[in-house]
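Asks: Structure for this input, please:
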Amino acid sequence: MSRVLVERAMAGDHEAFSELTRLSIAKLYAVARLSLRDNERAEDATQEALVAAWRWFSTLRDPDRFDAWMRRLLVHACYREAAQAKRRTTIEATVISITRPGADPGAALADQDQIERGFRRLSPEQRTLIVLHFYLGLPMAETAEILDLPVGTVKSRLFRAIQQMRAALEADARLPPIQGRAG
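Replies: Take a look at the predicted model:
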């Protein structure tokens, strides 16, 4: 993000904030979608994070840290949405197909389905860790800062999330094919 744009928004410039929103909304939504696994809740969390950003812009001390600050607001909004989702009885999940050039599309879809089932078994906090570190490629220190946790805690929680997902995938692999697809 442009430091000048952030500084203008910090000073109360609505147009600058609108431009910041336009530049960041797709990435924020993608992170929320991956963390929450629900389009509507991801939209709500993204909206909540943007409203909080406008409301609390004065608390941003360093304009160069705008992206990390927004991610932190988004993560907290996702946690609130996930807590509300616990009261809901239905879960919607969509798998987006991504295939490597030259790869068998059928095998890629089977792999994606298996990964999606494993991902669904993680808590929202575990999914958020995986999304921040692996999907966004953030270093451990920045992931820890966004989550307001010590780096060691982030490392151990990420390790446990990976182990839990691995165990879920291995358990699915042991199921007969028809049961495994029911996910």
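Asks: List the contacts of Q164.
Replies: Contacts here follow C-beta atoms under 8 Å, 6 or more residues apart in numbering; on that basis Q164 touches R121, L122, Q126. To be clear about C-beta, it is placed using only N, CA and C from the backbone, and glycine gets the same treatment.
Asks: Could you report the separation of it from S123?
Replies: Distance from Q164 to S123, counting by C-beta to C-beta, to the nearest Å: 9 Å.
Asks: A141 too?
Replies: Note on A141: its distance to S123, by C-beta to C-beta, is 23 Å.
Asks: Ok, L175 next?
Replies: From L175 over to S123 the distance is 22 Å, taken as C-beta to C-beta.
Asks: What of L34?
Replies: Distance, L34 to S123, using C-beta to C-beta: 14 Å.
Asks: Those two - which one has more neighbours?
Replies: L34 (20 against 12; other C-beta atoms under 10 Å).
Asks: hmm, back to that, which one of the contacts of Q164 is nearest Y79?
Replies: The shortest approach to Y79 among these belongs to Q126, at 11.9 Å (C-beta to C-beta).
Asks: you'd agree that closest one is up against A161?
Replies: Yes. Here Q126 reaches A161: they are 3.7 Å apart, a contact under C-beta atoms under 8 Å.
Asks: what comes into contact with stretch 49-63?
Replies: Residues external to stretch 49-63 that are found in contact with it (C-beta under 8 Å, 6+ apart): 3, 6-7, 9-10, 17, 21, 25, 28, 32, 66, 69-70, 73-74, 76-77.
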